[in-house]
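Participant: With the input below, show me the fold.
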Amino acid sequence: MLEVLVVDDDPMVASVHSGFVEAVGGCTVVGTARTGTEALEMVQRLRPDVVLLDLYLPDVSGLEVLSRLRSAGADVEVVVISAAREAATVREALHGGVAGYLIKPFEARQLAERLQRVQAARRALAPEVLDQADVDRALGIPAAPAGPSPRAAAALPKGLSPETADLVAGALDGASAAVSASEVAEGLGLSRVAVRRYLEHFVAERRARVRLRYGGGRPERLYEWNR
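Facilitator: Here you go, the predicted structure:
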């Protein structure tokens, strides 16, 4: 359960934000603070996982609260929720290590996304020893898309793309019998001329073989993947 402290000097706004938090699965509000001093005291006493921090507070600024939390080594994530939109303010908050910055007014789903990102980061950092994928998940970096499969990994002639080569190779490898360029093209929604270039390339690379099917006119070339 992600425990959240809501900090805002307006009780009605704090109540709305608390409702947003409670609507997120795995999140609960453990307290609300109306001043920076009260927020610092409640962080020390309640040990929340996340602080939703307004920057315009009556005693000290939210940025000062953030600075004091970092100086004290508080193990807490901070999501700024403020009307402040000046670039210098946002930069200072980011340098302070905030986990998110929402400009008022915002939608409940936007806060939910930030809290879910914190949850995902905590899960990624749970193992004592991490791999690169764990670190990337904690930083919110999406996984890199998979590259072309080994079927199409060889160097391609000019004008042929690895992505399309992988599609054609996959269709040919998955066919239960020899197929023509027209049949492959129809299945993939590509032009027959383009597909045939890829098929002939695979034949030249000896990753596929070709045979002729004779009919009433010109023989048709049929392709099979060399398994």
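Participant: counting contacts, what elements does the helix ranked longest in the chain pack onto?
Facilitator: Longest helix of the chain, by residue count under DSSP state H: helix 108-124. Counting contacts by 3 or more Cβ pairs under 8 Å, 6 or more residues apart in numbering; DSSP states H and E, helix 108-124 packs against strand 2-7, helix 11-22, strand 50-53, strand 77-82, strand 100-103, helix 132-138. Using the backbone N, CA and C atoms, a C-beta is placed for each residue, glycine as well.
Participant: now do 7 Å
Facilitator: strand 2-7, helix 11-22, strand 100-103, helix 132-138 (3 or more Cβ pairs under 7 Å, 6 or more residues apart in numbering; DSSP states H and E).
Participant: Any buried residues in the very next helix or strand once past the longest one, and which?
Facilitator: It stands for helix 11-22. Using DSSP states H and E, the next helix or strand after helix 11-22 towards the C-terminus is strand 27-33. Residues of strand 27-33 classed as buried: 27, 29, 30, 31, 32, 33 (neighbour count, 16 or more other Cβ atoms under 10 Å).
Participant: Please apply the same query to stretch 74-92.
Facilitator: Within stretch 74-92, the residues scored as buried using 16+ other Cβ under 10 Å are 74, 76, 77, 78, 79, 80, 81, 82, 84, 89, 90, 92.
Participant: quick revisit: report the inter-axis angle for the longest helix of the chain versus strand 77-82.
Facilitator: If you take axes from the mean of the first three to the mean of the last three Cα atoms, to 10 degrees, helix 108-124 sits at 160 degrees to strand 77-82.
Participant: how many degrees apart are helix 108-124 and helix 11-22 in direction?
Facilitator: Using the same axes, to 10 degrees: helix 108-124 against helix 11-22 is 50 degrees.
Participant: which residues sit against helix 108-124?
Facilitator: 2, 20-21, 23-24, 26-27, 50, 77, 79, 99-100, 102, 134, 137-138, 140 (Cβ atoms under 7 Å, 6 or more residues apart in numbering).
Participant: Now, of these, which are buried?
Facilitator: Listed as buried from those are 2, 20-21, 24, 27, 50, 77, 79, 99-100, 102, 134, 137-138; burial here means 16+ other Cβ under 10 Å.
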